[in-house]
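Engineer: got a sequence here, can you model it:
(2 chains)
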Amino acid sequence: MNGVHDMGGMHGLGTLEIEPDEPWFHHEWERRAFSLTLAAGFLGEWNLDMSRYARERIPGADYLASTYYEKWLWGLERLLVEQGLVPQAELESRRRDPAAPVEHTGHPRKLAAANVVPLLMKGGAARVHQDVPARFAPGDRVMARNAHPIGHTRLPRYARGRAGAIDRDHGVFVFADAHAMGRGPQPQHLYSVRFAAQTLWGADADPRDAVYVDLWDDHLEPA
Amino acid sequence: MRGDHHDHDHGSHFSDTELRVKALESLLVDKGLVDPAALDALVDTYETKVGPRNGARVVAKAWTDPAYKEWLLRDATAAIASLGYTGRQGEDMVVLENTPQVHNMVVCTLCSCYPWPVLGLPPVWYKSAPYRSRAVIDPRGVLAELGVALGPDVEVRVWDSTAEVRYLVLPERPAGTEGWSEDALAAIVTRDAMIGVAQVPAPGEGSAR
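Structural biologist: Prediction:
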């Protein structure tokens, strides 16, 4: 979707501000928003791409005005409702509905404290060990598709319709654009694609510079 | 600007955010979906166990051990895992070597992807709209603002983390550190140098950041 989250190359979004102390979290609620999001994610009711898509659906003006963990909270609430784990009414009343059916409690994949470190160390690989043919090889000239899907996409607007070259083939990965929309993993090759800065930004860009974007086979056409 | 007081990440936008989070936590605990002890363990992991010291160990080893550096540049995931740094948001790693000719820097324009096992959670500026919007279109401006002086013939490569590959920059080893131990080297490697928005200063030079 052409949302404000896709902000590469935009002007006027403010000056870079570096905090002097850079705490991991600024408030206790940020710790909780962070850990609730991860813990709820381990229930397996949605994937990471769906989480990103949930945050992208924050209305644009709110997205820009929200802090990082406010966005996480918004995304988590949305996913809990959409996946049927929390009725909208409970979210609004901020308490459990005593009349809600009892099967809506408990979860076989509830994260236990003892499993936190092992599961974090293991991670959740998006790489797929499957033999899928690659459409491109390093050095190939490619064109990023000029497409504007309403749903989730990891093809940033600034690269669409631009020509670049395959820098490296990362191997076969879950295709985030499909995975976020509940269309399955659709495993395919992921590449780092090199775009000359002048191709993206015009003659004023430095001729020496380049931007590398990770894109999947379905994002690319031969150039 | 740097050092100035600001409160951009202090949750002033939703005055009741704190109450909203508290209510959500009790709701999810009530419904048997989350265990408060697991929440504490998650926070503890990222506040005390995972952070840029991990990445600094990787860099220091690469600076002192040519075979390790070769492995790191060829198969970063395995080379980093050999030091015990694995898992969430670092499942597939690529290391980018900064040289006198090439300066690499990393951004995520679409959200805030960042290599957690080696750098921990990202700082506010990395997740902020100004960095995400500017890094790709004006990397030299961003670097200059952050105090990075590039040589005249340096090529700047910006890596937009749009997939699940996570990037770590291997900064240039500063002059004047010949013969230093891995521990001493690890102590001077900064998080920002591993994102590619700083250089590791030579001893006695001090860092802009």
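Engineer: need the three-state assignment for residue 72.
Structural biologist: This is for chain A. helix (DSSP: H, G, I helix; E, B strand; the rest coil).
Engineer: over to residue A:191?
Structural biologist: Per three-state DSSP, residue A:191 ends up strand.
Engineer: assign the closest residue to it other than its chain neighbours to helix, strand or coil.
Structural biologist: Take residue A:191 and drop its neighbours on the chain: the residue closest to it by CB to CB, 6 or more residues apart in numbering or on different chains is residue A:166, 5.0 Å away. Using the backbone N, CA and C atoms, a C-beta is placed for each residue, glycine as well. Counting by three-state DSSP, the backbone at residue A:166 sits in strand.
Engineer: residue contacts, residue A:166?
Structural biologist: Residues in contact with residue A:166 (CB atoms under 8 Å, 6 or more residues apart in numbering or on different chains) are A:136, A:137, A:138, A:139, A:140, A:142, A:191, A:192, A:193, A:194.
Engineer: swap the cut-off to 10 Å and go again
Structural biologist: Contacts of residue A:166 were listed using CB atoms under 10 Å, 6 or more residues apart in numbering or on different chains, and they are A:134-142, A:189, A:191-194, A:215, A:220.
Engineer: now residue B:71. Nearest residue, chain neighbours left out?
Structural biologist: Closest to residue B:71 by CB to CB, 6+ apart is residue B:79, at 4.4 Å.
Engineer: what subset of the contacts of residue A:166 is buried?
Structural biologist: With burial judged by 16 or more other CB atoms under 10 Å in any protein chain shown, the buried subset of the contacts of residue A:166 is A:134, A:135, A:136, A:140, A:142, A:189, A:191, A:192, A:193, A:194, A:215, A:220.
Engineer: about what we covered before: separation between the residue nearest to residue B:71 and residue A:169?
Structural biologist: 19 Å (CB to CB, to the nearest Å).
Engineer: ok, those two, which is more surrounded?
Structural biologist: Higher neighbour count among residue B:79 and residue A:169: residue B:79, with 22 against 15, using other CB atoms under 10 Å in any protein chain shown.
Engineer: on the strand side of things, show who residue B:168 bridges to.
Structural biologist: residue B:95 (DSSP bridges).
Engineer: circling back to that earlier point, isn't the residue nearest to residue B:71 right up against residue B:86?
Structural biologist: No - using CB atoms under 10 Å, residue B:79 makes no contact with residue B:86, being 11.4 Å away.
Engineer: domains in chain B, as residue ranges please.
Structural biologist: B:17-47, B:52-195 (automatic domain parsing).
Engineer: the first one: end-to-end distance?
Structural biologist: The straight-line separation of the ends of domain B:17-47 (CA to CA, to the nearest Å) is 22 Å.
Engineer: one step back: ok, the buried ones among the contacts of residue A:166 vs residue A:20, which is closest?
Structural biologist: residue A:192 (34.7 Å; CB to CB).
Engineer: neighbours of the nearest residue to the closest one once chain neighbours are set aside, just the number please.
Structural biologist: In space, and not counting its chain neighbours, residue A:192 is closest to residue A:167: 4.4 Å by CB to CB, 6+ apart. As a burial measure, residue A:167 scores 19 neighbours (other CB under 10 Å).
Engineer: residues contacting residue 51?
Structural biologist: Unless you meant another one, I'm taking chain A. A:37, A:38, A:40, A:41, A:72, A:75, A:76, A:78, A:79, A:180, B:111.
Engineer: chain B, not that one
Structural biologist: Taking CB under 10 Å, 6+ apart, one finds A:24, B:116, B:117, B:118, B:119, B:120, B:121, B:191 in contact with residue B:51.
Engineer: repeat that for residue A:22.
Structural biologist: Here residue A:22 is in contact with B:122, B:123, B:124, B:125, B:191 (criterion: CB under 10 Å, 6+ apart).
Engineer: before we move on, what about residue B:53?
Structural biologist: B:118, B:119, B:120, B:186, B:187, B:189, B:191.
Engineer: these two touch, right, residue B:156 and residue A:207?
Structural biologist: No - if you go by CB under 10 Å, residue B:156 and residue A:207 don't touch, sitting 11.2 Å apart.
Engineer: who touches both of those two?
Structural biologist: residue A:197.
Engineer: I'd like the domains of chain B as CSV, with mean pLDDT and distance to residue A:162 appended.
Structural biologist: Formatted as CSV, these follow (pLDDT from 0 to 100; distance: least, CB to CB, whole Å):
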stretch, mean pLDDT, distance to residue A:162
domain B:17-47, 95, 36
domain B:52-195, 97, 12
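Engineer: could I get these as JSON lines with distance to residue A:62?
Structural biologist: JSON lines is the format used below for the domains of chain B (distance: least, CB to CB, whole Å):
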{"stretch": "domain B:17-47", "distance to residue A:62": "12"}
{"stretch": "domain B:52-195", "distance to residue A:62": "13"}
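Engineer: show me where chain B has its strands.
Structural biologist: B:92-97, B:102-107, B:155-160, B:165-170 (DSSP state E).
Engineer: for residue B:39, see how far away residue A:133 is.
Structural biologist: Distance from residue A:133 to residue B:39, by CB to CB: 44 Å.
Engineer: more neighbours, those two?
Structural biologist: residue B:39 (23 against 8).
Engineer: test my guess that that one contacts residue B:24.
Structural biologist: No - using CB under 10 Å, residue B:39 is not in contact with residue B:24, being 11.4 Å away.
Engineer: what residues are shared contacts of these two?
Structural biologist: A:32, A:36.
Engineer: how about the residue lying closest to residue B:64 once chain neighbours are set aside, what does it touch?
Structural biologist: With sequence-adjacent residues excluded and distances taken as CB to CB, 6+ apart, residue B:64 is closest to residue B:182, at 5.2 Å. Residues near residue B:182 by CB under 10 Å, 6+ apart: B:56, B:57, B:59, B:60, B:61, B:62, B:63, B:64, B:65.
Engineer: ok, 8 Å please
Structural biologist: Counted by CB under 8 Å, 6+ apart, residue B:182 has contacts B:57, B:60, B:61, B:63, B:64.
Engineer: in chain A, which spans are strands?
Structural biologist: A:141-144, A:163-173, A:188-196, A:210-216, A:220-222.
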